[in-house]
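Colleague: Here is my input, please return the structure:
(one chain, ligands or ions: 3)
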Amino acid sequence: MHLPDLKEAKIRTDKETEYIYLQENFPKLYKGQKYFLKTYGCQMNVHDSEEVAARLESLGFEKTETLENADIVILNTCAIRENAHDKLYGFLGRCKHLKKEKPDLIIGICGCMAQEESVVQNIMEKHKYIDIVFGTHNIYLLQDLIINKKEKQNIEVLSCEGNVYENIRYKRDSKIKAWVNIQYGCDKFCTYCIVPYTRGKQRSRKSTDIIKEVEELVNNGYKEVTLLGQNVNAYGKDLKGEINFAKLLEKVAQTKIARIFFVTSHPWDFTDEMIETIAKYDNIMPYIHLPLQSGSTRILKLMGRRYTKEEYLNLYQKIKQKIPRVAITTDIIVGFPNESKEDFNETLEVVKKCEFDSAFTFIYSKREGTPAAKIIDKVSMEEKEKRLQELNKLINQYSLKANKKYLNKTVKVLVEGISEKDSSKVYGYTDTMKLVNIEGAQEQIGNIIDVLITEAKSFSLDGKYLAKSK
Ligand code: SAH
Ligand code: SF4
Ligand code: F3S
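Modeller: Ligands and ions are numbered 1, 2, ... in the order given. Down below sits the predicted model:
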């Protein structure tokens, strides 16, 4: 987002994509001090936090889960919905309070909200206790921002971005599965969405760099990667001579990684070549997150989604026919400005036809600066809430139905750890992204095992360990 009036903030504008290979070593200036890192938002932010953590640890900071013990607090923010602001400022209140007792506490903000002009302005005017602010494109500056923070706020937000950084070090949350960015930003500009403004234009990583990262993960014992992008099927379109997403998937499948997932697929760019590649390779998981957003062609057009209800349904059927056992999940927005009862009924109709494995559902949230924010909306919040409830009831019904199909079947699960609710069990996900709680597999963390499903609920499955998978 362009930040023209922020005189004190350092604004960098890099227009062309540049590939910068980071080689860094920092002195452990903060040895013995602790960091508290809180992450809001999507997988992209979760993965960015793995970079933030590695950078903090490179200075000697150690992780703490207790805010009160922290010497530095970093909040990695999300801007997708308006209420994200309330959540952030609520938490900041606690940090401000803590700083009164601990004046040396460093408070930092990053992520998508840090790319919003109004937020940065507000921080500079009303939240002077916040020491550092950095954006989604310049996490690489974190060590410098901390070291050079003197008495005054140190704000560095990129307004127009073009860089891709390589050789980034991550402190990954898991030793079993890893996120791998394949592209940054988004060029789709759906009319309701703030992401293209907070994350900038689409920039793909080079396929050679992506494959190198996957191979390193395999060498380090990782079993699973999730390729990350706002619109993975547009991968490579911004790079001259780069391979497309289907070919990238194929190259990743030809490494020794056991399981490959990818998010998010936009229905508009989803090609037959992709469907064939997914069907062809056993290590590409039969799971696709395919956001519908609305079942009404009229609303889809207003959303700028570039497909009709019929095109979505055709694609959906084609995927189901060509990829046996595929699980498809979706995102749906209820109450886009002036969504009529008929429009909403069309969404319900598509849900009934598709019987999604599960769905994330949202009430439309107005984001200032997006085209949809200019539409005068005549539908009441009460009505939107009613529609959301009705939709959720239907979605949950189909989730349960989809899960019931697994009863008494044997599935392959990558075991990730001890179950939160019951320490005698472990948990993991099937190749179709179903959460399974498993008895008798304590020794199997990190392995792919065969599990007999004994119970199916709306949001998870229960099962018994049979044997290690071949
Ligand atoms: N790139 C992905 C989604 C990123 S945001 C895609 O296109 O599918 C995740 C989800 O948040 C979106 O799919 C959408 O359903 C929801 N979302 C985005 N902007 C929103 C808004 N202004 N109000 C409500 N939901 C929104
Ligand atoms: Fe937002 Fe649309 Fe891009 Fe997804 S594809 S991030 S919904 S603009
Ligand atoms: Fe939120 Fe930014 Fe992700 S706005 S959903 S954290 S891309």
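Colleague: who's in contact with N122?
Modeller: Residues near N122 by CB atoms under 8 Å, 6 or more residues apart in numbering: none. Backbone N, C-alpha and C define where each C-beta goes, glycine included.
Colleague: so which strand or helix has it?
Modeller: helix 117-126 (DSSP states H and E).
Colleague: Just after that helix, pick out the following helix or strand.
Modeller: Immediately after helix 117-126, counting by DSSP H and E, sits strand 132-134.
Colleague: for the helix holding N122, the distance to its chain's centre please.
Modeller: What separates the centre of helix 117-126 from the centre of its chain is 25 Å, taken as CA atoms, centre = their mean, to the nearest Å.
Colleague: which of the residues in it are buried?
Modeller: Of the residues in helix 117-126, E117, V119, V120, I123, M124 count as buried by neighbour count, 16 or more other CB atoms under 10 Å.
Colleague: Then stretch 250-265?
Modeller: For stretch 250-265, by 16+ other CB under 10 Å, it's 250, 252-253, 255, 257-265.
Colleague: so after the helix-or-strand element of the chain with minimal mean pLDDT, what's the next helix or strand?
Modeller: For the chain, using mean pLDDT, DSSP states H and E, the weakest element among its helices and strands is strand 10-13, scoring a mean of 57. Moving toward the C-terminus from strand 10-13, the next helix or strand (DSSP H and E) is strand 18-21.
Colleague: chain center to that following strand: distance?
Modeller: 23 Å.
Colleague: any idea of the mean pLDDT for it?
Modeller: Average pLDDT, strand 18-21: 80.
Colleague: Ligand 1: which of the buried residues of helix 117-126 is nearest?
Modeller: Lowest distance from ligand 1 to the buried residues of helix 117-126 (CB to the nearest ligand atom) belongs to V119, with 15.9 Å.
Colleague: I figured the closest one was touching M113, is that so?
Modeller: Yes: contact criterion CB atoms under 8 Å: V119 and M113 qualify, at 4.8 Å.
Colleague: Mutual contacts of these two, please.
Modeller: Joint contacts of V119 and M113 (CB under 8 Å, 6+ apart) are A79, H85.
Colleague: by contact count, what packs against the helix ranked longest in the chain?
Modeller: Taking DSSP state H as the criterion, the chain has its longest helix at helix 381-404. Using 3 or more CB pairs under 8 Å, 6 or more residues apart in numbering; DSSP states H and E as the contact test, the elements touching helix 381-404 are strand 327-334, helix 341-354, strand 358-363, strand 448-456.
Colleague: Could I have the CA atoms of it written out in PDB?
Modeller: C-alpha atoms of helix 381-404 as PDB (Å, rounded to 0.1, in the frame of the first residue of the first chain):
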ATOM      1  CA  MET A 381     -26.000  -7.500  10.000                       C
ATOM      2  CA  GLU A 382     -28.800  -9.500  11.600                       C
ATOM      3  CA  GLU A 383     -29.800 -11.000   8.300                       C
ATOM      4  CA  LYS A 384     -26.200 -11.800   7.500                       C
ATOM      5  CA  GLU A 385     -25.700 -13.500  10.800                       C
ATOM      6  CA  LYS A 386     -28.900 -15.600  10.100                       C
ATOM      7  CA  ARG A 387     -27.500 -16.600   6.700                       C
ATOM      8  CA  LEU A 388     -24.100 -17.600   8.200                       C
ATOM      9  CA  GLN A 389     -25.800 -19.800  10.700                       C
ATOM     10  CA  GLU A 390     -27.900 -21.500   8.100                       C
ATOM     11  CA  LEU A 391     -24.900 -22.000   5.900                       C
ATOM     12  CA  ASN A 392     -22.800 -23.400   8.800                       C
ATOM     13  CA  LYS A 393     -25.500 -25.900   9.600                       C
ATOM     14  CA  LEU A 394     -25.500 -27.200   6.100                       C
ATOM     15  CA  ILE A 395     -21.700 -27.300   5.900                       C
ATOM     16  CA  ASN A 396     -21.400 -29.200   9.200                       C
ATOM     17  CA  GLN A 397     -23.900 -31.700   8.000                       C
ATOM     18  CA  TYR A 398     -21.800 -32.500   4.900                       C
ATOM     19  CA  SER A 399     -18.500 -32.500   6.900                       C
ATOM     20  CA  LEU A 400     -20.000 -35.300   9.100                       C
ATOM     21  CA  LYS A 401     -21.300 -37.100   6.000                       C
ATOM     22  CA  ALA A 402     -17.800 -36.900   4.400                       C
ATOM     23  CA  ASN A 403     -16.100 -38.100   7.500                       C
ATOM     24  CA  LYS A 404     -18.600 -41.000   7.900                       C
END
